[in-house]
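**Student:** Sequence first, predicted coordinates after that:
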Amino acid sequence: MSTVVATASNWMKRSIAQISPQPPAVPSPSNAVNVALKINNSSRSLALDSRVTLLDALREQIGLTGSKKGCDHGQCGACTVIVDGRRVLSCLTLAATCEGSEVTTIEGLAQGDNLHPMQAAFIKNDGFQCGYCTPGQICSAIAVLDEARNGEASYVTADVRQEPRSVQLSDDEIRERMSGNICRCGAYPNIVAAIREVHTGKAQAGQFANEEAIFDTPEMKTEASEAAA
């Protein structure tokens, strides 16, 4: 009897083992690469799959989650970072291609408690609402000013044949150069105002200041007096 029970028990164990799900196979290390780069002035060495994007490396490997994954197709600009002084869409940039490069993300712009001028201007001019696109907007805006200083042309540049020289950005130029960064909240006028303020070095009149100027007219004062009476 004991022999029969032992045989049945062994048979059941083998049957359970056969129908139990097998653990997933370990991925082949053939795609692994070592990437050495500087991120926000800190040297980093990463072991990554060669297909990993810069955005995923920043967010998942390093923990810099300021750069956002919006569309993941390079169409919204929320993932914009600065690589070697140029703005790039990190969701379309392979991390392996950044070997030896300097990467600046939104986390690397401030100096301690001192905000970057563009960050301060966005806050002052209310250049964001939900804030999801703001890191990409700010990184892109900083790069736009560098492009203007280098005399790089845009679609609305009047004469693209002129020798490269520092460009004084009009509102149309700012809008064109920032057109790859989408704000679903619609804070575009305030974003333009923030960039204009940093570009010109002149403080922009805020929304409430403009409203005070409108109401500080003889006509409006008369209407206000009549309404109060």
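**Tutor:** Received the coordinates, thanks. Numbers count the residues shown, from 1 in each chain.
**Student:** Tell me which stretches of the protein form helices.
**Tutor:** Counting by DSSP state H, one finds helices in the chain at the ranges 2-19, 54-56, 117-124, 134-149, 171-177, 188-200, 207-215, 218-228.
**Student:** Confidence-wise, which of these is weakest overall?
**Tutor:** Of all the helices of the chain, mean pLDDT reaches its minimum on helix 207-215 (a mean of 43).
**Student:** Not counting sequence-adjacent ones, nearest residue to residue 49?
**Tutor:** Of all residues not flanking residue 49 in the chain, residue 31 sits nearest, at 4.9 Å (C-beta to C-beta, 6 or more residues apart in numbering). Heads up, the C-betas are built off the backbone N, CA and C, glycines and all.
**Student:** What count of nearby residues applies to the one you found?
**Tutor:** 12 (other C-beta atoms under 10 Å).
**Student:** That one reaches residue 50, doesn't it?
**Tutor:** Yes - using C-beta atoms under 8 Å, residue 31 is in contact with residue 50, at 4.8 Å.
**Student:** Next, the contact list for residue 87, please.
**Tutor:** Residues in contact with residue 87 (C-beta atoms under 8 Å, 6 or more residues apart in numbering) are 80-81, 139-140, 143-144.
**Student:** what's the pLDDT at it?
**Tutor:** Note on residue 87: pLDDT of 97.
**Student:** quick one: it and residue 191, what's the gap?
**Tutor:** 15 Å (C-beta to C-beta, to the nearest Å).
**Student:** Please name the nearest non-neighbouring residue to residue 181.
**Tutor:** If the residues on either side of it in the chain are set aside, residue 181 comes closest to residue 77, at 3.5 Å by C-beta to C-beta, 6+ apart.
**Student:** Tell me how far that neighbour lies from residue 156.
**Tutor:** Per C-beta to C-beta, residue 77 is found 18 Å from residue 156.
**Student:** And residue 89, by the same measure?
**Tutor:** Separation of residue 89 from residue 156 (C-beta to C-beta) stands at 21 Å.
**Student:** Comparing these two, which residue is more hemmed in?
**Tutor:** residue 89 (23 against 12).
**Student:** residue contacts, the more buried one?
**Tutor:** 74, 77, 79-80, 180.
**Student:** Please repeat the previous calculation with a cut-off of 6 Å.
**Tutor:** Neighbour list for residue 89: 74, 79 [criterion: C-beta atoms under 6 Å, 6 or more residues apart in numbering].
**Student:** Ignoring the adjacent residues along the chain, who's closest to the residue most central in space within the chain?
**Tutor:** With distances taken as C-alpha atoms, centre = their mean, the residue of the chain nearest its centroid is residue 136 (2.5 Å). Computed as C-beta to C-beta, 6+ apart, the closest residue to residue 136 that is not its neighbour in sequence is residue 80, at 3.8 Å.
**Student:** what sits against that neighbour?
**Tutor:** Contacts for residue 80 were tallied using C-beta under 6 Å, 6+ apart; they are 87, 136, 139-140.
**Student:** Same check on residue 141?
**Tutor:** Residue 141 is in contact with 118, 195, counting by C-beta under 6 Å, 6+ apart.
**Student:** ok, it to residue 97 distance?
**Tutor:** Residue 141 sits 24 Å away from residue 97, going by C-beta to C-beta.
**Student:** What's the local residue count around residue 55?
**Tutor:** Using other C-beta under 10 Å, the number of residues around residue 55 comes to 25.
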